[in-house]
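Engineer: model the following, please.
(one chain, ligands or ions: 2)
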Amino acid sequence: MSEPGWFEEGARVAVLTAEPIGRPLDYRAPEGGCYNGAFVEVPLGPRKVLGVVWGAGEGGFDAAKLRAVNRVFDVPPMRDELRIFLERMAEYTMTPLPQVLRLATRAPGLGDPPGMRKIYRLGDREPSRMTDARARVLEVLEEHGGAGFYLSELAHLAGVTTQVVKGLVKTGALIEAEVPRDQPFPRLDPARPGKALSEAQAAAAEALRAGSGAYSTTLLKGVTGSGKTEVYLEAVAECLRKGRQALVLLPEIALSSEFLSRVEARFGARPGEWHSGVTQSERRRLWKACGAGEVQLVVGARSALFLPFRDLGLIVVDEEHDSSYKQEEGVLYNARDMAVLRASGCSAQVVLASATPSLETWANAEAGKYQRLDLGARFGTAELPEMGTIDMRDEAIESAHWIGPTLVKEVLARVAEGQQAMLFLNRRGYAPVTICRACGHQIGCDHCDARMVEHRFLKRLVCHQCGETKPIPVKCPSCEVEGKLAPVGPGVERLAEEVAERFPDARLAVLSSDLFGSARALKEKIAEIAQGEADIIIGTQIVAKGHNFPRLTLVGVIDADLGLQGSDLRAAEKTFQLMRQVAGRAGRAEEKGAALLQTYQPEHPVIRAILGGDEEAFWAQEAAARQAQGVPPYGRMAGIILSGPDLQPLFEIGNHLARNDAALRRIGAQVFGPAPAPIARVRGRHRVRMLVKAEKSAPLQGALKAWLKGLKLPTNVRLAVDIDPQSF
Ligand code: ADP
Ligand code: ZN
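Structural biologist: Ligands and ions are numbered 1, 2, ... in the order given. Next up, the predicted model:
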């Protein structure tokens, strides 16, 4: 940024309001001036809002006529590096800057006085008298594994008054302790020796070390268990040795204590953590320590990318292909791509780790834009599972059953030998559809274009789009006939019933996110399974990621065709990644594993590729197909989503846009639609989508801006631009 960093007259301020304000506003600088990037409080209408100084203002204004900045907070200003990154991200994602800025100011705690602060922790006595409110407080503390909370935070989380918390202190059930507000993070020691690396690992680690200190992106590819984590921890060590900070991004679900313990074993202390389970006070502490350079390594979910690092030298994106890196609400961005953007502005190295990279990353490596490092086999003696299909056309299967005789036999054989088997079905709940056998009506959500899914465990119907639930009705809501509603198709809960019926002697564990009250309960279950306290594991998507069950030797996929339906051009890629990942759960230790896919189309090219056909050939074929269609990663794509309470106006606006597409045609872009969005109604709002497709080198954002400029929308209609949409 060219402006000098100190302003005495006017200051432009990016304000942090809930409503999107398109651009920074001009204010009079406070008495004595302020820094670029300073956190300030400014008046906005009748309100006082938080903002960040964003340049010197337009100039040519009469400073005396502007409203003045109220106060400047006594915290380090936001660095140019982060401000420039946010600006570029706002431009790339076509989001107003203040909205992007909000991502980077999630936990500033600016008004906090320094010094000591009281925290509240679990004591070792039971309260003499237990009430619902007291029980909730204790529950919150237990769920967070003994962490300490500030008074107001604890009361808020438990939904009780602060008096309840204080009352518990008197009974001895809680302990009140004084701690320095910002306890330092423990030092990590990069000089501690890591594991002795295999030849392939050592070569990869050496290549990463050689690239340390400058911007570059590397794809680190290797099957699950090949030792990628060990390799990128070496890159972390090198970064720390240089005195710079490192960030490891993981899908939220993979942020396990197992991973944190591994970091601790390697560096002698735990890293900073940033994810939805971290308390607000902890977030503030980490946020400040990042800026002060006092935390060396942060392990976090995608939003950790916006922390104010003092000197970020490395970003690892583990499981880089994971769709949870794409934020689908608010600011629409892919954290993997934004990691590359941020790193390029601060001379940081990026490592994208995956067993099944996204086609985007694969293509960037092919094109030589990214370095590629391969770890071939699994580390040590563990071998890749043997893969096979079960042709469901040949299986004699009863109705309302989904495990064919072949799979039953295989499971029995494993369990008889004291091994574990896993049955994978990527569908939560009991049954995906509830149908009336009298009139054929299917129960749908009142607010979304989605069917209600029966959840027996919750004893309710649940909408997987908006989360709305309702009791399972006795009468059909359409024809009012009683007792005719029936579940159709399997979810994991129904599969569990079948397993209990077929394998009455086996110990069964069901892993599905909604069967556990808290992340901690789920983690405990996973630890139990790892110790062998289950014979058959039934799971949804959450079992596919990163858990290590040493005794698991068989993975059975109930319905391998599930992801191949529909018209999404990414379906092949997604199915390939998921199936390979699930199969990778089998045979992690000494025992060789097997993965069996139940399918009605064993000859389908994607199924054949999953079975261990030549993986590079599969990617090349996928790449050729996308190239022929001119879609990502070989073309550029944007989704335009119009949403509002009524369908008709959305189509009218869409058609108007489609007709007036000169700005797009100028860059050779095409517009498709309007058409109902993949999810055509959510939370009572209709959604209509248009897709814009352009050549790789076309200036897409500029053309979109020109195209949408001056568009007047009714107040209840929203337009969102989704650059690089997940489905197309
Ligand atoms: P990935 O990240 O590719 O799934 P990991 O790094 O988690 O693989 O390694 C798989 C398993 O092998 C882990 O239990 C890890 O501790 C072990 N492992 C990996 N590399 C080594 C090594 N060089 N020496 C000893 N154990 C290793
Ligand atoms: Zn809904």
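Engineer: where does the chain come near ligand 1, residue by residue?
Structural biologist: 195-198, 201, 222, 224-230, 379 (C-beta under 6 Å from any ligand atom). Every C-beta, even on glycine, is put in place using the N, C-alpha and C of the backbone.
Engineer: including secondary structure and distance to ligand 2, could those residues go into CSV?
Structural biologist: Output for the residues of the chain next to ligand 1, formatted as CSV (DSSP: H, G, I helix; E, B strand; the rest coil; distance: C-beta to the ion, whole Å):
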residue, secondary structure, distance to ligand 2
K195, coil, 48
A196, coil, 53
L197, coil, 50
S198, coil, 49
Q201, helix, 47
G222, strand, 40
T224, coil, 35
G225, coil, 39
S226, coil, 41
G227, coil, 43
K228, helix, 38
T229, helix, 38
E230, helix, 43
F379, coil, 44
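Engineer: list just the nearest of the residues you listed to R121.
Structural biologist: T229 (32.2 Å; C-beta to C-beta).
Engineer: would you confirm that the closest one contacts R262?
Structural biologist: Yes: counting by C-beta atoms under 8 Å, T229 touches R262, with 6.9 Å between them.
Engineer: of those two, who's got more company?
Structural biologist: Legend: neighbour count by other C-beta atoms under 10 Å for T229 and R262, higher for T229 (20 against 14).
Engineer: okay, that one: pLDDT?
Structural biologist: Per-residue pLDDT puts T229 at 94.
Engineer: so how far is V351 from it?
Structural biologist: 11 Å (C-beta to C-beta, to the nearest Å).
Engineer: quick one: contacts for the closest residue to C445 other than its chain neighbours?
Structural biologist: In space, and not counting its chain neighbours, C445 is closest to C463: 3.8 Å by C-beta to C-beta, 6 or more residues apart in numbering. Counting by C-beta atoms under 8 Å, 6 or more residues apart in numbering, C463 touches C445, H447, C448, A450, M452, V453, T469.
Engineer: and C463, what's its pLDDT?
Structural biologist: Looking at C463, its pLDDT reads 88.
Engineer: can you name the next helix or strand after the longest strand along the chain?
Structural biologist: Using DSSP state E to define each element, the chain has its longest strand at strand 670-682. Per DSSP states H and E, the first helix or strand lying C-terminal to strand 670-682 is strand 685-695.
Engineer: for the record, mean pLDDT for that next one?
Structural biologist: Here strand 685-695 scores 93 as its mean pLDDT.
Engineer: next: stretch 175-182.
Structural biologist: Taken as a whole, stretch 175-182 has a mean pLDDT of 74.
Engineer: pLDDT below threshold where in the stretch 1-150 of the chain?
Structural biologist: Along the stretch 1-150 of the chain, the model assigns pLDDT under 70 to residues 1-4, 20-22, 57-61, 63, 107-116, 145-147.
Engineer: where along it do the strands fall?
Structural biologist: Secondary structure of the stretch 1-150 of the chain, counting by DSSP state E, counting those that start in this stretch: strands at 6-7, 10-15, 25-28, 34-35, 39-44, 47-53, 71-72, 116-122.
Engineer: check which helices and strands the fourth one sits against.
Structural biologist: If I follow you right, that is strand 34-35. Using 3 or more C-beta pairs under 8 Å, 6 or more residues apart in numbering; DSSP states H and E as the contact test, the elements touching strand 34-35 are strand 6-7.
Engineer: now the strand it packs on: how far from the chain's centre is it?
Structural biologist: 38 Å (C-alpha atoms, centre = their mean, to the nearest Å).
Engineer: coming back round to it: point out the most buried one among the strands of the stretch 1-150 of the chain.
Structural biologist: Of all the strands of the stretch 1-150 of the chain, strand 10-15 carries the top mean neighbour count, a mean of 25, counting by mean count of other C-beta atoms under 10 Å.
Engineer: now that strand - C-alpha only, CSV.
Structural biologist: C-alpha atoms of strand 10-15 as CSV (Å, rounded to 0.1, in the frame of the first residue of the first chain):
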residue,chain,number,x,y,z
GLY,A,10,-8.9,12.4,7.4
ALA,A,11,-9.0,8.6,7.9
ARG,A,12,-11.0,6.1,5.9
VAL,A,13,-12.5,3.6,8.2
ALA,A,14,-13.9,0.1,7.3
VAL,A,15,-16.7,-0.3,9.7
